[in-house]
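# sequence unknown, structure follows:
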């Protein structure tokens, strides 16, 4: 847990000291970006990378506010000083020869103009992260290893998933969907009910679903996540239960739900003798 408050003076080169106790937790390099309320936010790469996977593809606020301003910082192993790039110094209003407050906030570190910090700490409600309609989750991201299982139900391939649907998992799932729908397979069901982090699903997965739909394959997504329709609604039909999906498929794609009925053949009649019409 990162905690404690330190005050340092920025040197003429635009450098500030990162306390040793913070450096040990943040690692080298650590990520520095803009924070809420006019501060700077420093976090370890282990905390930063899951946030990028989770939000960079869906949140414009994350892209423009956090991601666009992010830099890697390498503090001096002897002094602990690290350079704050000029755009971030301007954003935080920290100038050489001025004091900066370095504060641990649990999973990250905030760097403030000292006067701004004093105002913000007296009125913490003004620093509510929801002001940007985006809550930056700084708690550890707990994930389960991604796994898939394919089974056939009434002739329809069902791809069941479990665990974190990150970028790598999304690519694997896209390849599996393509693999199980060759030739004349009319439908596929992708079960995401036990998958997590749907918002990080890569564009490649959505592209694979859209390609299958364009080729006439009925694509059904199973998910209880309320954002699933927004994420996949353009590329698939989204249902909360397998039963709902099967009823929809029975109505729209009847052929895989029942064995095909052989076309009626005309009866062959053996006729002896001459043709009566002759």
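Yep, it's here. Since we're looking at a predicted model, the values are computed, not measured.
# Could you pull out the strands in this structure for me?
For the chain, the strands defined by DSSP state E occupy 2-9, 15-17, 30-34, 40-43, 71-73, 81-83, 99-106, 109-113, 147-153, 156-164, 187-196, 218-222, 237-239.
# Now do the third one: which elements does it pack against?
When you say that, I think you mean strand 30-34. strand 40-43, helix 45-55, strand 71-73, helix 86-92 (3 or more Cβ pairs under 8 Å, 6 or more residues apart in numbering; DSSP states H and E). Where C-beta positions appear, they are placed from N, C-alpha and C, glycine not excepted.
# do the fourth one as well
In terms of contact count using 3+ Cβ pairs under 8 Å, 6+ apart, strand 40-43 is assigned the packing partners helix 20-26, strand 30-34, helix 86-92, strand 109-113.
# list the buried ones in the third one?
Using 16 or more other Cβ atoms under 10 Å as the burial criterion, the residues of helix 86-92 that qualify are 88, 89, 91, 92.
# which non-adjacent residue is nearest residue 252?
Nearest residue to residue 252, sequence neighbours excluded (Cβ to Cβ, 6 or more residues apart in numbering): residue 218, at 6.3 Å.
# contacting residues around that neighbour?
Contacts for residue 218 (Cβ atoms under 8 Å, 6 or more residues apart in numbering) come out as 186, 187, 188, 237, 249, 252, 253.
# Tell me how far the closest residue to the second one other than its chain neighbours lies from residue 236.
Leaving aside its chain neighbours, residue 187 sits nearest to residue 218 (4.0 Å; criterion: Cβ to Cβ, 6+ apart). With distances defined as Cβ to Cβ, to the nearest Å, the gap from residue 218 to residue 236 amounts to 9 Å.
# that older thread, can you put the helices and strands packed on strand 40-43 in TSV and add mean pLDDT and distance to residue 77?
Shown next, in TSV, are the helices and strands packed on strand 40-43 (pLDDT from 0 to 100; distance: least, Cβ to Cβ, whole Å):
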stretch	mean pLDDT	distance to residue 77
helix 20-26	91	9
strand 30-34	94	13
helix 86-92	94	22
strand 109-113	94	18
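# Dump the ones you listed into CSV; add distance to residue 61 as well.
Putting the helices and strands packed on strand 40-43 into CSV (distance: least, Cβ to Cβ, whole Å) gives the following:
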stretch, distance to residue 61
helix 20-26, 24
strand 30-34, 11
helix 86-92, 15
strand 109-113, 18
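# Tell me which of those sits most buried.
Here the criterion is mean neighbour count by mean count of other Cβ atoms under 10 Å, and of the helices and strands packed on strand 40-43 the winner is strand 109-113, at a mean of 25.
# Tell me which other helices or strands that one touches.
In terms of contacts (3+ Cβ pairs under 8 Å, 6+ apart), strand 109-113 is packed against strand 40-43, helix 86-92, strand 99-106.
# Poorly predicted segments of the stretch 51-200 of the chain, please.
58, 123-144, 200 (pLDDT under 70).
# Go again with 90.
Along the stretch 51-200 of the chain, segments meeting pLDDT under 90 span 51-69, 105-107, 116, 118-146, 152-156, 163-172, 174, 178, 181-185, 195-200.
# Go through the buried residues of helix 86-92 and name the one nearest residue 226.
Distance to residue 226, by Cβ to Cβ, is smallest for residue 91 among the buried residues of helix 86-92, at 34.4 Å.
# correct me, but the closest one touches residue 38?
Yes - under the criterion of Cβ atoms under 8 Å, residue 91 makes contact with residue 38 at 7.0 Å.
# thinking again about what came up before, list residues touching both of residue 218 and residue 236?
Residues touching both residue 218 and residue 236 (Cβ under 8 Å, 6+ apart): none.
# could I get the contacts of residue 218 as a markdown table with neighbour count and distance to residue 116?
Compiled in a markdown table, the contacts of residue 218 are given as follows (neighbours: other Cβ atoms under 10 Å; distance: Cβ to Cβ, whole Å):
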| residue | neighbour count | distance to residue 116 |
| --- | --- | --- |
| 186 | 17 | 61 |
| 187 | 26 | 58 |
| 188 | 23 | 54 |
| 237 | 19 | 50 |
| 249 | 23 | 58 |
| 252 | 12 | 59 |
| 253 | 16 | 60 |
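# Now tabulate those in CSV and tack on distance to residue 119.
Formatted as CSV, the contacts of residue 218 follow (distance: Cβ to Cβ, whole Å):
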residue, distance to residue 119
186, 63
187, 60
188, 56
237, 52
249, 60
252, 60
253, 62
